[in-house]
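# next one to model:
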Amino acid sequence: MTKELQALEKTHTWDLVYFSSGKTPIGCKWIFKIRTHYDGSIEHYKARLVAKSYSQEYGIDYDETFALVARLTTAYCLLVVAVVRQWSLIQLDVKDVFLHDTLFEEVYMTPPLGFSSFGKVCRLCFILLLYVDDIIIMGYDASGISDLHAYLSQQFEMKSLGPLRYLLGLEVSDSPDAFFLSQAKYASDLLARAGLTDCQVVSTPLAYEVRLTPHDGSLLDDPTIYRQLVGSLIYLTVTRPDISHAVYIVSQFMTAPRTSHHFSVLYIHRYVKGTLLHSLHFSSNSSLTLSGYSDADWAGDPTDRCSTTDLCFFLGDSLISWRNKKQTLVSRSSAESEYRALDDFT
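Reported below is the predicted structural model:
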C-alpha cells in the first residue's frame, strides 16, 4: 500500500485541495491481489487504490472490461504473428499502474483513510486510458528489443519477466519450432470452484442429441452460480474451440437458467477435466496461407428452429479464429443453412 501511494504521488496523479461545498467527491477503495506464476506459486502481493467510478457520470468512467479484452486480443495476435515469423516473445511488468493522460474535466475523490488531514479531497489530474501492467515485446532484432526495454525503463518503473510464460490465465510454452497456448491452470481452478475436481470425465462437451429449451426442468433458486460457471467457461474458450459450441448453447439461458441447463454446464466441466492439457499449437514452419471452413446444422434450435453457423480460420496449420452464431432467419433446407453459413464469411 505504501508503494502504491508513493507511485501515485510520484506521477502527480492528484492535487490535495480543501473541500468545496459545490463539489461532490467520489469515494475510493483498496483492491488487493496475489500475483501467481503459471504453476500456482506466489509471485508477489499487489495493492491498488481505485476510484469508485460507478458513481461518475457517463463518459468519464473507465471501462476496464474493454481494456482487458483489448489486452487479451493483442496478446493472442502477438503470439500468432511471433510464431509464424519465428520471433522471440519477452514479457515486461510495469510495477505501477498510473494515470496516463490529462483530464480536462474536474473530478474529485475522497483520499484513503489515514492519507490526509480532515476536510481535504483529491482533485484527480489524470485519467486512466489503458491499464498498463504487462507489456509484450516481440521481434527478431535482439539489439532493438534491448534498446526498447531500456527506453521503457527510463519512462516507467519496469521489471523484466523474461520470455512470455503466463499472461491473464494464458500459459505459453514453446519448443524449437512451435508455441503452445493453453489455460490448464485456469481450467483446474474452475473445476475446483465448481467442486468437480473428483468427478468422472466424459468424452464429449455435451450429451448426445441434447436439445435445451427455455422450459426444460425447474428454475434454479439462485442463478448466480450458473452465471459464474458459464462466464468462466466463456473465458476458457479463448484457447478451447472444442467447447465453444457447447458454451454457446448454455450461455443462451443466463437470464432464467433451469436445472437441465445447469446439468449441461456441469457436463461441460466433466469434459474439461478429462482434457485439461489440450492446447493450441502454432508452428513456426506454418505457411501464411489463410483458409476458412464453415458448417451449419438445420433448424437445430428447438425453440425458434433457427440454424447455427460454425466458422473457423487457419493461418497455415494454426487455428487463429473460430465463432458460433445463430442464423437470424429460418432456413427451409439444410442446403440453405449451409449457404447462409458461407455468407457469414463476408
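# who's in contact with residue 341?
Counting by Cβ atoms under 8 Å, 6 or more residues apart in numbering, residue 341 touches 294, 295, 296, 307, 309, 310, 311, 327. Where C-beta positions appear, they are placed from N, C-alpha and C, glycine not excepted.
# now the buried members of those residues.
294, 296, 307, 309, 310, 311, 327 (16 or more other Cβ atoms under 10 Å).
# around residue 228, how many other residues sit close by?
13 (other Cβ atoms under 10 Å).
# shouldn't it be within a strand?
No. According to DSSP: H, G, I helix; E, B strand; the rest coil, residue 228 belongs to no strand; its state is helix.
# in this structure, which spans are helices?
Per DSSP state H, the chain carries helices over the ranges 2-10, 64-84, 142-155, 184-194, 224-236, 244-250, 259-274, 334-343.
# with just CA atoms, put the first one into CSV.
What it means is helix 2-10. Extracted in CSV, the C-alpha atoms of helix 2-10 (Å, rounded to 0.1, in the frame of the first residue of the first chain):
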residue,chain,number,x,y,z
THR,A,2,2.9,2.4,0.8
LYS,A,3,4.5,1.7,-2.6
GLU,A,4,1.2,2.3,-4.4
LEU,A,5,0.7,5.7,-2.6
GLN,A,6,4.3,6.7,-3.3
ALA,A,7,3.8,5.9,-7.0
LEU,A,8,0.6,7.9,-7.2
GLU,A,9,2.4,10.9,-5.6
LYS,A,10,5.4,10.5,-7.9
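# who does it touch, helix- and strand-wise?
strand 42-51 (3 or more Cβ pairs under 8 Å, 6 or more residues apart in numbering; DSSP states H and E).
# before we move on, the earlier item: quick one: the contacts of residue 341 as JSON lines, columns for pLDDT and distance to residue 158 too.
Listed next are these as JSON lines, based on pLDDT from 0 to 100; distance: Cβ to Cβ, whole Å:
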{"residue": "294", "pLDDT": "87", "distance to residue 158": "44"}
{"residue": "295", "pLDDT": "87", "distance to residue 158": "46"}
{"residue": "296", "pLDDT": "87", "distance to residue 158": "48"}
{"residue": "307", "pLDDT": "86", "distance to residue 158": "51"}
{"residue": "309", "pLDDT": "86", "distance to residue 158": "44"}
{"residue": "310", "pLDDT": "88", "distance to residue 158": "42"}
{"residue": "311", "pLDDT": "87", "distance to residue 158": "39"}
{"residue": "327", "pLDDT": "84", "distance to residue 158": "48"}
